[in-house]
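Peer 1: Starting from these lines, generate the structure:
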Amino acid sequence: MSHIRDDKSAQEVYYKPEDGHDRGELFGHTNLSALNEAPVLHPSHYQSASIQAVKKTNTQLTKRIPPRRIALCGGGIRGVAHVGVMKAFEEAGLLGHIKEVMGISAGAFFSLLWVLDYTVAQIEHLALELDFTKLRNIQPETVLSFPLTFGLDDGQGIEKLIGSVLKQKGFSPEATFEQIAVKHAKHLRCFATEIQTSKVREFSTVKTPKTSVKFAIRASMSLPFFYTPVKEESTGALLMDGALLNNLPLVFLNEQEIRETWGVLFSITYGTTIQPIHDIMEVIRYIYDSAKIMKNVPYIHKFGDRLILIPISDFSALNFEESREERAKLIAKAHRLTKKFIYSFAKEIRPLRRFSAS
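Peer 2: So this is what the prediction gives:
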């Protein structure tokens, strides 16, 4: 009688702890890479009665491996919620497993911080202590030129912030995707919308190695009507927020990439009571949110088993004056929901049963 993978390592590779204990390393210190590299167990080695069980187990492992990629949605100031996601990943021992971080709009900015290896504590400090009102750069002349520039804010505040986080890690503010990839193991990918063609533009080490990261993220964060679009001099293309086409980066990936990716999506719902609108900022907010609500529904159904959904209806994307306390509450909510998602994932894979053939 010959045993198939009848050893201790087989148990370690496929074992996921039961829920009910709050350990820092949910998946263990050494098992993640082994899980990725574990060979598919061929049904011919097993008794015929066990073939279907083996196939089912292998399919489950293929779909449910801990993620190699994380996709962060956009959401303006709501993007601070991504810090809660990172905290939960850190506690579960998943941060080191991520090989690529991608994002749209605010998700693109937090993806950059993740790729640059800022610690979760540093990113949380930035999210809580930064005075977001100082990022605004709305001047009388920009308001008057709105019909020509298509935005109220020229985005210089955001560009300075992006340049600053790059400089703190030893890069030029104009560092390219290629230059960052040389020094950091994780890859960065972000998306913007090309207005004239209504096409998504991907910025990454593969597609745009020579492009400035600051340019790409600024383009991805160009909320329509609020920020002026970014012009690509080589093509004349005007680039805006990637969420114009879709706020979920998962949509732009191929099937293999989707299987290796978890996504973070902010869910928005409004009641039937009509609320008063006080200024142009609220008009922009409702228009933007309404478009996202309609687009989110089919993708929640399609990618639901790999989406971390975070309700944020009571948190405005454009409220730069949001208090530290409110930001902390949103981070805590995202942290709690992400932990719940991770533990539900862990419970779906049980230790692999051993089969033998005579």
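Peer 1: how close does F303 get to W262?
Peer 2: Remark: distance between F303 and W262 (Cβ to Cβ, to the nearest Å) = 9 Å. All C-beta spots, glycine's among them, are computed from the backbone N, C-alpha and C.
Peer 1: Those two: which is more packed in?
Peer 2: With neighbours defined as other Cβ atoms under 10 Å, F303 and W262 compare such that W262 has more, 24 against 18.
Peer 1: Just confirm the more buried one is within a strand.
Peer 2: Yes - with the criterion set as DSSP: H, G, I helix; E, B strand; the rest coil, the secondary structure at W262 is a strand.
Peer 1: Go ahead and confirm it touches A71.
Peer 2: Yes - with contacts counted by Cβ atoms under 8 Å, W262 reaches A71, the gap being 7.3 Å.
Peer 1: lowest-confidence helix or strand of this structure?
Peer 2: Counting by mean pLDDT, DSSP states H and E, the weakest-scoring helix or strand in the chain turns out to be helix 8-14, with a mean of 31.
Peer 1: Would you mind listing the residues in contact with E202?
Peer 2: Neighbour list for E202: R189, C190, F191, T208, F252 [criterion: Cβ atoms under 8 Å, 6 or more residues apart in numbering].
Peer 1: I'd guessed the fourth one sits against L188; true?
Peer 2: No - using Cβ under 8 Å, T208 and L188 do not qualify as a contacting pair, with a distance of 10.6 Å.
Peer 1: Quick check: neighbours shared by these two?
Peer 2: Once Cβ under 8 Å, 6+ apart is applied, the residues that T208 and L188 both contact turn out to be F177.
Peer 1: higher neighbour count, these two?
Peer 2: L188 (24 against 19).
Peer 1: Assign that one to helix, strand or coil.
Peer 2: Per three-state DSSP, the secondary structure class of L188 is strand.
Peer 1: Also the one 4 residues further on?
Peer 2: Each residue gets one of three states, and A192 gets strand by three-state DSSP.
Peer 1: and it, bridged to which residues?
Peer 2: Note on A192: beta-bridge partners by DSSP bridges are R201, D241.
Peer 1: ok, R218 - contacts?
Peer 2: Contacts for R218 (Cβ under 8 Å, 6+ apart) come out as G155, I158, E159, I162, V230.
Peer 1: which one among those residues gets closest to V101?
Peer 2: Taking Cβ to Cβ as the measure, V101 sits nearest to I162 out of the contacts of R218, at 15.2 Å.
Peer 1: wait, isn't the closest one in contact with K214?
Peer 2: Yes - between I162 and K214 a contact is recorded at 4.6 Å, counting by Cβ under 8 Å.
Peer 1: which residues are in contact with both of these two?
Peer 2: P173.
Peer 1: Could you find the closest non-adjacent residue to E159?
Peer 2: For E159, ignoring the flanking residues on the chain, the nearest one in space by Cβ to Cβ, 6 or more residues apart in numbering is R218 at 5.5 Å.
Peer 1: got the CA coordinates for the host helix or strand of the one you found in CSV?
Peer 2: Using DSSP states H and E, R218 sits in helix 213-220. What follows is helix 213-220 as a C-alpha-only set of coordinates in CSV (Å, rounded to 0.1, in the frame of the first residue of the first chain):
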residue,chain,number,x,y,z
VAL,A,213,4.0,57.3,-10.5
LYS,A,214,2.9,60.7,-9.2
PHE,A,215,1.4,61.4,-12.6
ALA,A,216,-0.5,58.1,-12.7
ILE,A,217,-1.9,58.4,-9.2
ARG,A,218,-2.8,62.0,-9.6
ALA,A,219,-4.7,61.0,-12.8
SER,A,220,-6.5,58.1,-11.0
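Peer 1: Just want the angle from it to strand 187-194.
Peer 2: If you take axes from the mean of the first three to the mean of the last three Cα atoms, to 10 degrees, helix 213-220 sits at 40 degrees to strand 187-194.
Peer 1: Neighbouring strands of the helix or strand following helix 213-220 in the sheet, and parallel or not?
Peer 2: Going down the chain from helix 213-220, the next helix or strand is strand 225-227, by DSSP H and E. Strands that pair with strand 225-227, judged by DSSP bridges, come out as strand 151-153 (parallel).
Peer 1: Now do the strand it pairs with, average pLDDT.
Peer 2: For strand 151-153, mean pLDDT rounds to 69.
Peer 1: So which elements touch the helix or strand that it is followed by?
Peer 2: Proceeding N to C from strand 151-153, the next assigned helix or strand is helix 156-167, under DSSP H and E. The elements that helix 156-167 packs onto, with contact taken as 3 or more Cβ pairs under 8 Å, 6 or more residues apart in numbering; DSSP states H and E, are helix 106-115, helix 213-220.
Peer 1: which strands and helices sit next to the next helix-or-strand element following helix 156-167?
Peer 2: If you walk from helix 156-167 toward the C-terminus, the next helix or strand you reach (DSSP H and E) is helix 177-183. Under the contact criterion of 3+ Cβ pairs under 8 Å, 6+ apart, the helices and strands touching helix 177-183 comprise strand 187-194, helix 213-220.
Peer 1: Go through these and name the closest to I258.
Peer 2: For the helices and strands packed on helix 177-183, proximity to I258 was assessed by Cβ to Cβ; strand 187-194 is nearest, at 13.6 Å.
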